[in-house]
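**Student:** Compute the structure for the input listed below.
(2 chains)
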Amino acid sequence: MTVWVRPLCLAALVVTAAACDEQPPTGEFPETLDGELRRSIGQWGVVPIAAMARQDPALVALGQALTFDKILSGNRDISCGTCHDPALHTTDGLPLPVGTGGTGSGTARTLGPGRSFVPRNAPSLVNSAIGLSYVFWDGRLTRFGPQPPDVVLPFDLPNVLAAQAMLPVLNRREMRGDPGDVDVFGNPNELAQFADTQTAEIWGAVMQRLLAIPEYFQLFRAAFPHLSSSNFTFREAAIAIAAFQMDALMRTDSPFDRYLQRDDNALSVEAKRGGVLFFGEARCSSCHNSPLLGGQQFSNTGVPQLGPGVGNAAPLDLGRGGLVNNEFYQFAFRVPPLRNVELTAPYFHNGSFPTLESVVAHYNDVSTSLRSFDPATLPAAVRDSYHGEQTTIDSIIHHLDFRLREPLRLTEAQQRDLVAFLKSLTDPAARDLSGIVPVSVPSGLSIR
Amino acid sequence: MIGRRFSANNLSIGASVTWTTLHALDGVDLLYEGSRDITQTGNALDLRVGALKEWPGERGARALEAIVVHNRFSTTHNVLFADVFWDPNQQIFEEQARVDTNYDRTKTWGAQLQYQIPLATPGWRIGWLATVNRSTHPNGPVYQIGNVGIPQDPGHSYAYNLGIGVSKVLGPARFGADAIFEPIRSYTWADATAPLATLNGDTLAPGAKTLENRFSFANALLRIGVGRDVDLQGTNNTIGLQLGLVLRSISYRLEQTDHVQLTERAFERSWIEWTPTWGLSLRFPELDIRYQGRVTKGAGRPGGNFFFVGQRDIALSSGMLVATPTGPLSLMDVNTTTHQISLSLPLR
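**Tutor:** Model prediction:
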């Protein structure tokens, strides 16, 4: 018997000893990239976006014509599509837009004599109908808040896009022009003669122009058959412009969107690594979150001051902090939604960073980036309007978003991955928007 | 089940067929977190053929037992999810129903040999055990637990059992001990369903392996127990006492090769579960009262931020296959104490 028991006991000891040299299973399993990314995404409320329903074709046709017709501008020289140029993915490619009086198109567009830049970058209209809470860089127009302080909008506008479409025709720099201006035919600019407070009169004058053109009259009648022609107002024009944006400018089928719909192969490895950074270590998602990847809040991201400025703070631009009762938000601007961001350079509210790479590098160390900002990186036309005074920089940094006060210390490889992720937000169908441009517009004015 | 004994040869043979329909396997709901409803349909087939050959001897019979098993496990899970999405038309979050149909299929072939022989010393017996199982499965369901997927990629597993044990019966006292070594090898992979770019710019063709997992388990089990019956003098009553100890050592290594990210990683874990047991039985002519207790220490249970279904839960629903989670697991130490009291009344 002894012959058998001894080996058995020895085996038992070996088993016990072998098992005792490791810790209990309380560690973490190494996570796959997809597992880590999906877990990260899940924390930020990022979900797929449904398709936008098709809009009334008659409404869309009217909105398309209005979007590209320069007749809406006082001098008949600029349309919505000038600064929201489909050839440039509904931006103008410029740091700061050139409004009425300018010449040329796209990045070749230049200021007219005596004119100044529009103080904030022209945002892309792609996905503007996605459901943003705030419109404009300072968010002065919101879909659930009070109306802008300086304008009385029609009370029954159906959505914030239509409300937004009411406003550019009122803005002297953007579309209306200054007193004494003459239009491209040498005729007096009647829209510019009104005081800034006479908004109803300005909208009425624009409608007079439009309804004087038979084709527009027919377009309005087709789009609003339930209204008598005497009741057509600029409200209807704005509704049509919004319908056109909803119908023609939604682009939400990016690789990232397909990844959200459980297609693990939709993203490259670099983009996935960048996504893990975006929703994690790089903290981008603390602002760029929710289904829209932004658009819900305001942040002072330490962007250099550039341009003619806004309001009483000019030549500085305090952003949302310039609005009454929002002084807390000094130098804070709306966090933009990020789909198709690859196509909408230059970046930030004043276009002061030309590439996604430069944006990511800025976020990597905001304070250093701001203090060492080189205005030579700006286009010559806006270079002189850079406000790099020490007091300005100190003030921006003093009010810097708390999430950006410490450097991220991302490596160059990590920054490249982040850029790869940002490029994965591009819907291929957003690269070529030439199909939304009409051949001609009812006024007969040139489209470009 | 059928069987026959050939007394002349001291040989017994038997065979059994079990077919079970399955509609609600325990634990499956835990594998689909966030699901609204799970409809399970399936069946399990178990075929066994066995033989027992005995060689009588002066100190007791030698015995050789052989069993061949074939098992097929097949279930279908129709899982209803409500996917949240953003509706830009109404500018609100909405839910959309989605039904995922997952197929859980496993085929297992197994064989076991047991041999026991009395030793020269009276009362002692020794036995050996050897088992081999091979399981194959096609692409199984990808269980989604939170944002952590637990894919069951196609693959196969080999599981072995090698054991030895001794026992002694000396009057009213009994002693037994055995040691079993359980190596398991599992190989699973994921296939590319479409051309897939790798990190270095190459393209994996559809059907190419994107991920390979190699699990190596080296589990061991040691059990020791003693028991003693004590007759209460002057009565027909008996008190029985039992003490035992089970030591289970679990040790595994995962080697994973990702042909898309071009990474390799290895992960090792081992731990011990030890279970002291004790028992007391009171046998009266009219009834038996038994008490058994056990404490299992060192076993992990899901915990922490991310829920992970342990190997045994996976086994419950998928035929003893090993799945590779894609995310972090957090197993927390627990002690499981069991007290069992039973009362037996003979029916006469």
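**Student:** Quick check: closest non-adjacent residue to A:Leu33.
**Tutor:** A:Lys272 (4.9 Å; Cβ to Cβ, 6 or more residues apart in numbering or on different chains). In this view, the C-beta of every residue, glycine as well, is placed from N, C-alpha and C.
**Student:** would that neighbour count as being in a helix?
**Tutor:** Yes. Read with DSSP: H, G, I helix; E, B strand; the rest coil, A:Lys272 is one of the residues of a helix.
**Student:** Quote the end-to-end distance of stretch A:171-182.
**Tutor:** Using Cα to Cα, to the nearest Å, the end-to-end distance of stretch A:171-182 comes out at 16 Å.
**Student:** Same question for stretch A:164-177.
**Tutor:** Start-to-end, stretch A:164-177 (Cα to Cα) is 19 Å.
**Student:** do stretch A:174-194 as well
**Tutor:** Termini of stretch A:174-194 sit 15 Å apart (Cα to Cα).
**Student:** same deal with stretch A:359-377?
**Tutor:** End to end - Cα to Cα - stretch A:359-377 spans 13 Å.
**Student:** I'd like to check what contacts it. Which residues are they?
**Tutor:** A:282, A:284, A:301-304, A:347-348, A:352-354, A:358, A:383, A:386, A:388, A:393, A:396-397, A:400, A:404-405, A:407-410, A:415, A:418-419, A:422 (Cβ atoms under 8 Å, 6 or more residues apart in numbering or on different chains).
**Student:** hmm, try it at 6 Å
**Tutor:** A:302, A:304, A:347, A:353, A:383, A:386, A:393, A:397, A:404, A:407-408, A:410, A:415, A:418-419 (Cβ atoms under 6 Å, 6 or more residues apart in numbering or on different chains).
**Student:** Of these, just say which sits nearest to A:Pro291.
**Tutor:** A:Leu418 (20.2 Å; Cβ to Cβ).
**Student:** follow-up on the earlier one: between the contacts of stretch A:359-377, which has the most around it?
**Tutor:** Sorting those by how many neighbours each has (other Cβ atoms under 10 Å in any protein chain shown) puts A:Leu418 first, at 30 neighbours.
**Student:** Could you check how far that one is from chain B?
**Tutor:** Separation of A:Leu418 from chain B (Cβ to the nearest Cβ, to the nearest Å): 16 Å.
**Student:** ok, how many other residues are close to the residue lying closest to that residue once chain neighbours are set aside?
**Tutor:** Once flanking residues are discounted, A:Leu418 sits nearest to A:Gly274: 4.5 Å by Cβ to Cβ, 6+ apart. Residues near A:Gly274, counting by other Cβ under 10 Å, number 27.
**Student:** which residues touch A:Gly274?
**Tutor:** With Cβ under 6 Å, 6+ apart, A:Gly274 has these contacts: A:417-418, A:420-421.
**Student:** Sitting in helices, which of these do you find?
**Tutor:** A:417-418, A:420-421 (DSSP state H).
**Student:** Do you know the pLDDT at A:Val341?
**Tutor:** pLDDT for A:Val341: 97.
**Student:** again but with B:Asn213, I slipped
**Tutor:** 86.
**Student:** Look up which residues are beta-bridged to it.
**Tutor:** B:Thr188, B:Gln256 (DSSP bridges).
**Student:** ok, it touching B:Glu255?
**Tutor:** No. B:Asn213 is not in contact with B:Glu255 according to Cβ atoms under 6 Å; the separation is 7.5 Å.
**Student:** Neighbour count: the two, which is higher?
**Tutor:** B:Asn213 (20 against 15).
**Student:** Is the residue nearest to A:Leu33 in contact with A:Leu37, as I believe?
**Tutor:** Yes. Taking contacts as Cβ under 6 Å, A:Lys272 lies within contact range of A:Leu37: 5.2 Å.
**Student:** In which helix or strand does residue 95 reside?
**Tutor:** Chain wasn't specified; assuming chain A. Using DSSP states H and E, A:Pro95 falls within no helix or strand.
**Student:** that answer is for a different chain, and I need it for chain B
**Tutor:** Per DSSP H and E, the secondary structure element for B:Glu95 is strand B:92-118.
**Student:** Which parts of that strand count as buried, going by neighbours?
**Tutor:** B:100, B:102, B:104-108, B:110, B:112, B:114, B:116-118 (16 or more other Cβ atoms under 10 Å in any protein chain shown).
**Student:** hey, where'd the strands end up in chain A?
**Tutor:** Assigned by DSSP state E, the strands in chain A fall at A:134-135, A:141-142, A:298-299, A:305-306, A:333-334, A:386-387.
**Student:** right, so these: which one is the most enclosed?
**Tutor:** Of all the strands of chain A, strand A:305-306 has the most neighbours on average by mean count of other Cβ atoms under 10 Å in any protein chain shown, namely a mean of 27.
**Student:** so how far is it off the chain centroid?
**Tutor:** 18 Å (Cα atoms, centre = their mean, to the nearest Å).
**Student:** In the sheet, which strands lie alongside it, parallel or antiparallel?
**Tutor:** strand A:386-387 (antiparallel).
**Student:** tell me, how many neighbours does A:Asp374 end up with?
**Tutor:** 9.
**Student:** if we can go back for a sec, pLDDT score for the residue nearest to A:Leu33?
**Tutor:** pLDDT at A:Lys272 comes out at 94.
**Student:** any idea how far it lies from B:Arg174?
**Tutor:** 60 Å (Cβ to Cβ, to the nearest Å).
**Student:** Neighbour count for those two, which is higher?
**Tutor:** Between A:Lys272 and B:Arg174, counted using other Cβ under 10 Å, the more crowded position is A:Lys272 (25 against 17).
**Student:** And that one, how close does it get to A:Asp264?
**Tutor:** Counting by Cβ to Cβ - A:Lys272 and A:Asp264 are separated by 9 Å.
**Student:** Reformat the buried residues of strand B:92-118 into TSV and put pLDDT and distance to A:Leu323 next to each item.
**Tutor:** Below are those laid out as TSV (pLDDT from 0 to 100; distance: Cβ to Cβ, whole Å):
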residue	pLDDT	distance to A:Leu323
B:Asp100	87	48
B:Asn102	84	53
B:Asp104	83	58
B:Arg105	85	63
B:Thr106	88	64
B:Lys107	93	69
B:Thr108	95	70
B:Gly110	96	75
B:Gln112	97	79
B:Gln114	96	84
B:Gln116	94	89
B:Ile117	95	93
B:Pro118	94	96
